[in-house]
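Trainee: Give me a model of this one.
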Amino acid sequence: MKKKVAVGMSGGVDSSVAAYLLKEQGYDVIGVTMQIWQDEDPLEQAENGGCCGLSAVDDARRVASVLGIPYYVLNFKREFKENVIDYFMDEYMHARTPNPCIACNRYVKWEALLKRAMELGCDYIATGHYARIAQLENGRFSLMKSKTTKKDQTYALYNLTQEQLSRTLMPVGDYEKDSIREMALKAGLPVAHKPDSQEICFIPDHDYASYIERETGKTFEPGNFVDLQGNIIGKHKGIIHYTIGQRKGLGLSLGKPAFVVDICPEKNEVVIGTNEDTFHDYLIANQVNWMSIPDLKKGDELLVTAKIRYSHQGARCNVKMLDDTRVECRFLEPVRAITPGQAVVFYDNEYVVGGATIITTQNPCQDF
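Mentor: Below you'll find the predicted structure:
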């Protein structure tokens, strides 16, 4: 009998097949769903609970029953509130665009879940993420891109620690998505045809601004849209409604396409330009997490392929360590909509080298 593993079950097909595969491989499998919803109303939980709402719990419990494995619902409400929701709102209020999935992965799905799994006597945790884990010749653990390129989720997992990676299994990363659904059907899992979840689980209607205003009790005053010369060209609804590169929902009639180029919270201004104005070749990022390589020292440089958002195909760039916490990235060709608050993740072919949080790029706010 292989070792004991707690599978994080979201009620979706991927995590369900992960549990199935590990049981087939001989692991002692238990299923775990993280209770993270903040609203105590059962109807609200069922309707808007996303990947961890009551409907997800029902689906995961049914899958566990089919597989014949123990199943638990564990309360991570506090951890989710502190590390994901509060962070998400604070970033938007400071004119940055957060990535709540990265924060959830690092601090809830891994840090908190791994701790609880160890208390339950488990040796590993496992998820249904489309990624793979390898131990390299240098002894370090690294993420590898999944076999399904379109579903690869390594970008959102770059911040995992060596300890977390050493205790994690990701069995679905070796398969194409169609194969996963076929396995679910053959295994008789009741979620085989369940569609993938797309939304941020705690804001299913995608109205981030209203959610933040409702939760914080704050209102965000309208301000000026300005062009790159600082000329006022219109009124915006409040800076939390906008992100770098945005085109839709601006309400501007300039006779040509308009894009958000920068957001200036100290002036309560949103800078507007052309699509070409959203391209830059430089950024600084902090909170660096090196994965496939040991930590770099100040002045060390590295040529990598970098992704600046989940959907970005990646671009070649030179990474230079500025100090213990910050890196400078210079792209060989300009890339579109570098956005403070998002992650920049570094790759060496299929391996994740590391990543960091974008804090600044060329800043039009300082130009006028």
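
Trainee: For beta bridges, what are the partners of Ile232?
Mentor: Ile232 has these beta-bridge partners by DSSP bridges: Val226.

Trainee: That one contacts Phe225, correct?
Mentor: Yes: between Ile232 and Phe225 there is a contact at 7.2 Å, judged by Cβ atoms under 8 Å. Any C-beta I mention is one placed from the backbone N, CA and C, and that applies to glycine too.

Trainee: Show me the longest helix that occurs in the chain.
Mentor: helix 54-67 (DSSP state H).

Trainee: looking at it, Arg326 is touching Ile284, isn't it?
Mentor: Yes: the pair Arg326 / Ile284 is scored as a contact, 6.0 Å apart, by Cβ under 8 Å.

Trainee: hang on, the earlier thing: more crowded one of Ile232 and Phe225?
Mentor: Phe225 (21 against 11; other Cβ atoms under 10 Å).

Trainee: Please give me every residue in contact with the more buried one.
Mentor: By Cβ atoms under 8 Å, 6 or more residues apart in numbering, Phe225 lies in contact with 232-236, 250, 252, 269-272.

Trainee: one more time with 10 Å, if that's ok
Mentor: For Phe225, the contact set (Cβ atoms under 10 Å, 6 or more residues apart in numbering) comprises 231-236, 242, 250-252, 254, 258, 260, 269-272.

Trainee: quick one: low-confidence parts of this structure?
Mentor: Within the chain, the segments meeting pLDDT under 70 span 1, 38-54, 198-199, 362-368.

Trainee: check which helix or strand covers Thr183.
Mentor: Careful, residue 183 is Met; it's not Thr. In this assignment (DSSP states H and E), Met183 forms part of helix 177-186.

Trainee: sorry, that was for Thr219
Mentor: In this assignment (DSSP H and E), Thr219 forms part of neither any helix nor any strand.

Trainee: Excluding sequence neighbours, find me the nearest residue to it.
Mentor: Leaving aside its sequence neighbours, Thr219 sits nearest to Glu213 (Cβ to Cβ, 6 or more residues apart in numbering; 6.1 Å).

Trainee: Backbone dihedrals for that neighbour, please?
Mentor: Note on Glu213: backbone dihedrals following degrees, to the nearest 10 are phi -60, psi -40.

Trainee: count of residues packed around it?
Mentor: With other Cβ under 10 Å as criterion, Glu213 counts 16.

Trainee: Ok, Val84 next?
Mentor: Val84 has 25 neighbours, counted by other Cβ under 10 Å.

Trainee: sorry, back to before: out of the contacts of Phe225, name the ones that lie in strands.
Mentor: 232-236, 260, 269-272 (DSSP state E).

Trainee: Can I get those residues in a markdown table including distance to His312?
Mentor: Below are these laid out as a markdown table (distance: Cβ to Cβ, whole Å):
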| residue | distance to His312 |
| --- | --- |
| Ile232 | 32 |
| Ile233 | 29 |
| Gly234 | 29 |
| Lys235 | 31 |
| His236 | 26 |
| Val260 | 17 |
| Glu269 | 27 |
| Val270 | 23 |
| Val271 | 22 |
| Ile272 | 23 |
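
Trainee: May I see the buried residues of stretch 269-277?
Mentor: Neighbour-count burial for stretch 269-277, counted by 16 or more other Cβ atoms under 10 Å, picks out 269-273, 277.

Trainee: correction: stretch 2-11
Mentor: So stretch 2-11, judged by 16+ other Cβ under 10 Å, has buried residues 5-11.

Trainee: Could you do stretch 296-315 as well?
Mentor: In stretch 296-315, counting by 16+ other Cβ under 10 Å, buried: 296, 302, 304, 306-310, 312, 315.

Trainee: Sort out which of these are in strands and list them.
Mentor: Using DSSP E, these in strands are 302, 304, 306-307, 315.

Trainee: and the nearest residue to Thr243 once chain neighbours are set aside, what does it touch?
Mentor: Leaving out its chain neighbours, the residue that sits closest to Thr243 by Cβ to Cβ, 6+ apart is Thr97, at 4.6 Å. Neighbouring residues of Thr97 by Cβ under 10 Å, 6+ apart: 91, 208, 242-246, 263, 309, 337, 339-342, 358.

Trainee: same thing with Phe259?
Mentor: Counting by Cβ under 10 Å, 6+ apart, Phe259 makes contact with 244-247, 250, 271-278, 336-337.

Trainee: try it again with 6 Å
Mentor: Going by Cβ atoms under 6 Å, 6 or more residues apart in numbering, Phe259 touches 247, 275, 278.

Trainee: In JSON lines, list those residues along with secondary structure.
Mentor: Output for those, formatted as JSON lines (DSSP: H, G, I helix; E, B strand; the rest coil):
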{"residue": "Arg247", "secondary structure": "coil"}
{"residue": "Asn275", "secondary structure": "coil"}
{"residue": "Thr278", "secondary structure": "helix"}
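
Trainee: ok, of these, which one's closest to Asn105?
Mentor: Asn105 has its nearest neighbour among these in Thr278, at 27.6 Å by Cβ to Cβ.

Trainee: how close does the closest one sit to Arg330?
Mentor: According to Cβ to Cβ, to the nearest Å, Thr278 and Arg330 sit 18 Å apart.
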